[in-house]
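Enquirer: predicted structure and sequence below. I'll ask about it afterward.
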Amino acid sequence: MICFGANIGGVVVGFFIKNQACLLNYKQCNLLIRKISGINNFFANQEQADELSDKIRTADVVASEPDRRAYGDFQTNMSLAKKVAKYALSKYRDVEFLLEPTCGKGNFLLAAIEQSSGLKKVVGIEIYQPYVWETKFKILEHFLLERRERVPEIEIIHANVFEFPFEKLAKSTKNLKTLIIGNPPWVTNSELGSIDSRNLPPKSNFKKDKGFDAITGKGNFDIGEYISLLMFKYFDRHTGLFAFLVKNSVVKSVIKYQRKYNFRIGQSEQLNIDAKKEFGVSVAAGLFLTHLSCDPGYTCLEQDFYTHKPSTTFGWYKNRFVYSIQDYDASAMLDGESAFVWRSGVKHDCAKVMELGRNEGHYTNALGESFELENDLVYGLLKSSDLRASVVTSFRKMIVITQQKIGQDTAYIKERYPHTYRYLWSHKSFFDKRKSGIYKGKPDFSIFGIGDYSFAPYKVAISGLYKSTHFSLVHPVEGKPVMLDDTCYFIGFDHLKMAEIAHYLLNSALVQRFLKSIIFSGSKRPVTKDILMRIDFESAFERLEFNSAQKHIPGLGKAHWDVFRELIKTESTEQVPLF
Ligand SMILES: C[S@@+](CC[C@H](N)C(=O)[O-])C[C@H]1O[C@@H](n2cnc3c(N)ncnc32)[C@H](O)[C@@H]1O
């Protein structure tokens with residue numbers, strides 16, 4: 001049966017049918033429910049009791065649930081909630097105070113209530129009223145089925161977590177052994193802001209708060225991260241445990257800011273779940289579990305939720321934030337500053353017009369058009385998916401390179417390349433529609449991520465999108481350098497042997513280990529310019545052996561080796577901004 005938008009199980013319906021007379025006086029009914037289940041103030045007024053009474057009489061069963069996924073609303077299935085509660089309670093027993101700050105339909109509360117006998121107080125908070133009811137009905141059902149001598153005091157509160165008086169709650173529960181459990185919304189403030197700006201932390205409050213300037217200062221922050229910090233702010237001195245299902249990026253962020261804010265949390269664990277299986281979403285997520293009221297900890301053990309197989313310990317180590325302490329320990333000597341400036345590839349935001357194919361001597365585009373262009377401004381183009389091979393000597397796509405450096409006047413195209421100009425001009429509306437502000441006020445058909453370095457004949461490149469830290473050696477094709485798109489990073493060389501040595505060095509076991517130790521593989525863009533700029537070429541080169549390199553690089557001579565050594569000593573480390 002559905003009432004107040006919530007599902008009510010048969011046992012609870014039976015209970016209210018049996019006690020229908022009691023519904024005539026909601027206060028009396030509240031006392032009965034409290035005695036059975038511990039739930040306080042089940043009905044807030046007589047109208048609510050009357051509505052339920054009417055529903056029971058008319059047995060209204062049909063209602064569809066609204067889709068609340070846009071609000072980050074992913075209710076935890078009961079089986080997962082039970083496993084999480086079981087694991088949490090195996091780490092911390094004898095819980096007396098249970099808190100779920102965004103309790104949804106109450107599966108976590110129920111799972112924890114079922115598995116603990118010494119509870120004294122339970123608090124669930126939820127902004128969506130039908131879920132408040134569903135939680136209350138579920139808990140009532142549990143206690144109707146399993147009568148207990150002593151029941152905890154239970155408050156299921158319809159409230160906004162961002163406005164809840166946690167300070168008061170923390171004071172009244174400070175001596176109770178605590179379990180904060182749950183699954184806060186999986187959504188960022190800007191995603192939420194676009195659909196419901198009321199359901200956001202109050203701006204005026206969070207700026208001043210400990211720990212909050214760091215996340216909110218980022219502009220786009222995760223609501224789950226905010227709620228986690230809120231819990232630490234008020235409850236990190238309670239003896240107990242915190243166990244939240246969150247995106248892995250939230251755990252990373254909390255541990256990262258821990259060095260600045262020193263919450264009294266420690267012995268942290270991240271247990272990766274299969275979010276596709278559990279919630280139907282492809283996102284790296286897990287159970288973030290941390291003990292409260294301990295010396296501040298700065299690392300986190302990552303393991304599999306289902307098998308408990310550990311994968312790494314990440315966090316602060318030797319003053320650096322690293323993904324694998326073990327791998328970092330073995331490769332920390334490579335953590336420095338790259339002798340080469342890593343560049344990202346060409347950015348144009350106009351793929352339909354700028355990216356070309358070739359068919360029977362004509363160029364083609366994604367609009368299905370076929371046309372002639374002068375060859376001069378057309379270059380081969382590689383995307384992330386083209387960088388799977390170790391050595392790349394061909395390309396699938398081409399690109400029109402309209403500028404040799406950022407901001408260059410493009411008037412020359414009209415004079416020197418009339419076909420290319422006619423093509424670009426007739427598609428100008430596609431360029432004008434580009435949303436990014438970087439194109440505003442710039443010459444027609446402007447591109448970014450372009451400079452002398454783009455025209456180096458040999459490149460050593462990597463995709464920013466994949467977990468793989470494999471580097472590819474890119475050769476010129478038909479005497480022309482090949483371009484990379486803006487999902488890739490590269491360094492350029494004039495001479496093949498120098499590029500080959502760099503390629504060999506970057507794919508060497510030690511550099512690979514170093515990269516693995518600092519890259520958080522769950523990130524959307526695991527490989528970044530910042531990561532690559534940390535590779536100390538000199539230190540890596542010192543650890544290579546010429547004889548081994550010779551076996552991998554045909555025709556490598558000692559002279560090449562020595563020139564490379566000089567190159568990495570003299571190459572500028574000055575970073576030139578992309579834009
Ligand atoms: C990811 S769901 C998880 C629900 C429940 N904890 C579970 O694990 O099944 C997040 C819940 O947070 C609730 N919520 C969202 N914003 C809230 C707010 N400002 N205050 C309280 N609850 C909120 C949503 O309605 C939703 O039920």
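Expert: Looks like it arrived, so ask away.

Enquirer: nearest spatial neighbour of the residue of the stretch 401-550 of the chain found nearest the ligand, skipping sequence neighbours?
Expert: Residue of the stretch 401-550 of the chain nearest the ligand, by C-beta to the nearest ligand atom: Gly522 (18.5 Å). Using the backbone N, CA and C atoms, a C-beta is placed for each residue, glycine as well. What sits nearest to Gly522 in space, not counting adjacent residues and going by C-beta to C-beta, 6 or more residues apart in numbering, is Ala284, at 3.5 Å.

Enquirer: and Lys529, by the same measure?
Expert: Trp342 (5.3 Å).

Enquirer: helix, strand or coil: sort out the residue of the stretch 1-150 of the chain found nearest the ligand for me.
Expert: Per C-beta to the nearest ligand atom, Gly104 is where the stretch 1-150 of the chain lies closest to the ligand, at 2.5 Å. With DSSP: H, G, I helix; E, B strand; the rest coil as the basis, Gly104 sits in coil.

Enquirer: for stretch 293-310, measure first residue to last.
Expert: Length of stretch 293-310, first residue to last, C-alpha to C-alpha, to the nearest Å: 25 Å.

Enquirer: for the residue of the stretch 1-150 of the chain closest to the ligand, give its distance to Thr135.
Expert: From Gly104 across to Thr135, the span is 7 Å (C-beta to C-beta, to the nearest Å).

Enquirer: what do you get for His348?
Expert: In terms of C-beta to C-beta, His348 sits 51 Å off from Thr135.

Enquirer: over to Ala88?
Expert: For Ala88 relative to Thr135 (C-beta to C-beta), the value is 19 Å.

Enquirer: just Lys433 next, same as before
Expert: 48 Å.

Enquirer: go on, Glu538?
Expert: Glu538 is 60 Å from Thr135, by C-beta to C-beta.

Enquirer: kindly report the same for Asp295.
Expert: Separation of Asp295 from Thr135 (C-beta to C-beta) stands at 35 Å.

Enquirer: which of these two has more residues huddled nearby?
Expert: Thr135 (25 against 9; other C-beta atoms under 10 Å).

Enquirer: SS state for the more buried one?
Expert: Classification of Thr135 using three-state DSSP returns helix.

Enquirer: so where's the chain shaky on pLDDT?
Expert: 58-71, 188-220, 570-579 (pLDDT under 70).

Enquirer: nearest residue to the middle of it?
Expert: Residue closest to the average C-alpha location in the chain (C-alpha atoms, centre = their mean): Ser249, at 4.1 Å.

Enquirer: so that residue is in which element?
Expert: Assigning secondary structure by DSSP states H and E places Ser249 in helix 248-261.

Enquirer: what's the following helix or strand past that helix packed up against?
Expert: Counting by DSSP H and E, the element after helix 248-261 in chain order, helix or strand, is strand 265-273. The contact analysis (3 or more C-beta pairs under 8 Å, 6 or more residues apart in numbering; DSSP states H and E) places strand 265-273 against helix 248-261, strand 285-292, strand 299-304.

Enquirer: ok, strand 265-273 near the ligand or not?
Expert: No: Strand 265-273 lies out of reach of the ligand by C-beta under 6 Å from any ligand atom, never closer than 12.1 Å.
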